[in-house]
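A.B. asks: Output the structure for:
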Amino acid sequence: MFRNKLPNILNAINNLLLPRVCFGCNARLNGGEQHLCTVCRHQLPLTDYNFNDENRVDRIFYGRINIKKANSFLFFTDQGIVKNLIHNLKYRNQEQIGAFLGDWFGQQISENNHLEKVDYVIPVPLHEKNLKREDTIKPHSSQNDWHFI
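C.D. replies: Numbering: from 1, shown residues only. Model prediction:
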């Protein structure tokens with residue numbers, strides 16, 4: 001009987017000594033929350049672009065490359081939760097944030113009836129000047145690390 005409760009006790013001690021915190025606001029995460037607290041998750045500025053209507057991302061690519069549909073998941077602002085998430089992802093090597101957001105967006109894509117097949121999901125666009133820096137995120141050597149769809 002004690003052996004069954006031992007992992008729960010060790011997990012509780014670990015959470016007391018090294019609490020899991022929200023990457024958006026640094027608040028302690030409650031049970032069942034992963035990477036973001038419920039408050040931050042509901043405050044994320046989702047684009048709510050759907051795949052059957054034209055959106056601002058579509059217009060960016062018109063005449064530049066041949067695409068059928070473009071989309072984005074979140075709006076980025078100079079201050080806020082999205083900036084904290086991207087900062088933790090890029091500069092603190094918290095790759096689980098990318099997987100978390102990618103899985104969430106991938107779920108939205110798979111539930112959409114207007115798309116027959118998705119060829120590519122580009123997770124983080126980098127500005128041209130950042131591609132030259134050595135400390136920016138580099139692609140993994142494993143091509144099977146896609147969490148998106």
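A.B. asks: what number of residues lie near residue 23?
C.D. replies: When counting by other CB atoms under 10 Å, one arrives at 24 neighbours for residue 23. Using the backbone N, CA and C atoms, a C-beta is placed for each residue, glycine as well.
A.B. asks: what's the residue lying closest to it once chain neighbours are set aside sitting at in phi/psi?
C.D. replies: Spatial nearest neighbour of residue 23, excluding adjacent residues (CB to CB, 6 or more residues apart in numbering): residue 88 at 4.9 Å. The phi/psi pair for residue 88 (degrees, to the nearest 10) reads phi -60, psi -40.
A.B. asks: can you give me the end-to-end distance of stretch 35-44?
C.D. replies: Using CA to CA, to the nearest Å, the end-to-end distance of stretch 35-44 comes out at 13 Å.
A.B. asks: what's the answer for stretch 42-59, then?
C.D. replies: Note: stretch 42-59 ends 28 Å apart using CA to CA.
A.B. asks: Quick one: mean pLDDT for that stretch?
C.D. replies: Taken as a whole, stretch 42-59 has an average pLDDT of 85.
A.B. asks: Run through who's touching that stretch.
C.D. replies: Applying CB atoms under 8 Å, 6 or more residues apart in numbering, the external contacts of stretch 42-59 come out as 24, 36, 67, 69-75, 77, 80-82, 109, 112, 114-115.
A.B. asks: Pull out the buried positions in the helix or strand hosting residue 100.
C.D. replies: When elements are assigned from DSSP states H and E, residue 100 belongs to helix 95-111. Burial within helix 95-111, assessed by neighbour count using 16 or more other CB atoms under 10 Å, is assigned to 97-102, 104-106, 109.
A.B. asks: For those residues, please prepare TSV with the additional fields pLDDT and distance to residue 43.
C.D. replies: Shown next, in TSV, are those (pLDDT from 0 to 100; distance: CB to CB, whole Å):
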residue	pLDDT	distance to residue 43
97	90	16
98	86	19
99	88	21
100	90	16
101	89	14
102	85	20
104	88	15
105	86	17
106	83	21
109	81	22
